[in-house]
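Chemist: Pasting the sequence and the predicted coordinates here, then a few questions.
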Amino acid sequence: MKVEQLSIFLENKFGRLSEVARLLGSAGVNIRTLTISDSSDFGILRCIVNDNEKAVRILKENGITVSKTEVVAVEVPDKPGGLAQVLSFLEQEKINVEYMYAFLEHRSDDAIIIFRFDDNDSAIRVLSEHGVKIISGKKVYEM
């Protein structure tokens with residue numbers, strides 16, 4: 001029930017993000033969701049794509065550093081308090097959220113939130129016990 005996310009390390013300079021988007025697009029790789037964080041020297045583009053193997057190959061062939069990370073996709077009610085409720089289940093079990101980002105799936109009334117936990121397996125267990133829907137990687141890649 002985990003999702004494979006790509007972490008792409010980019011120099012913090014003009015055109016670098018555009019280059020990655022262009023390379024992936026030209027290869028027919030569709031970005032499903034993404035987030036980017038930066039420092040003064042570099043940025044980390046975290047994304048989920050429809051074809052991880054092709055994306056990694058294309059990026060590495062073009063000298064771009066990329067790694068894979070397991071994350072968890074969780075369906076959260078898209079209403080006030082929906083996220084707070086899910087986080088409370090994790091808090092009770094002392095499971096830490098390292099980072100997260102969200103997107104809306106246009107065929108649903110729920111939001112999809114991508115989480116990176118300090119213990120993904122425990123988080124999946126706790127959330128499932130509380131009836132929170134965990135989305136498979138296959139479904140996320142196809143959205």
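Modeler: Good, I have the coordinates.
Chemist: what about stretch 8-23, distance to the chain center?
Modeler: 18 Å (Cα atoms, centre = their mean, to the nearest Å).
Chemist: Pull out the buried positions in the longest strand seen in the chain.
Modeler: Ordering each strand of the chain by length in residues (DSSP state E) puts strand 65-77 first. Buried residues in strand 65-77, counting neighbours by 16 or more other Cβ atoms under 10 Å, are found at 66, 71-76. The C-beta positions use only the backbone N, C-alpha and C, and glycine is treated the same way.
Chemist: Any chance of JSON lines for these, columns distance to Leu90 and pLDDT?
Modeler: Below are the buried residues of strand 65-77 laid out as JSON lines (distance: Cβ to Cβ, whole Å; pLDDT from 0 to 100):
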{"residue": "Val66", "distance to Leu90": "28", "pLDDT": "97"}
{"residue": "Val71", "distance to Leu90": "14", "pLDDT": "96"}
{"residue": "Val72", "distance to Leu90": "11", "pLDDT": "95"}
{"residue": "Ala73", "distance to Leu90": "15", "pLDDT": "93"}
{"residue": "Val74", "distance to Leu90": "10", "pLDDT": "93"}
{"residue": "Glu75", "distance to Leu90": "15", "pLDDT": "89"}
{"residue": "Val76", "distance to Leu90": "12", "pLDDT": "89"}
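Chemist: Cool, thanks, talk later.
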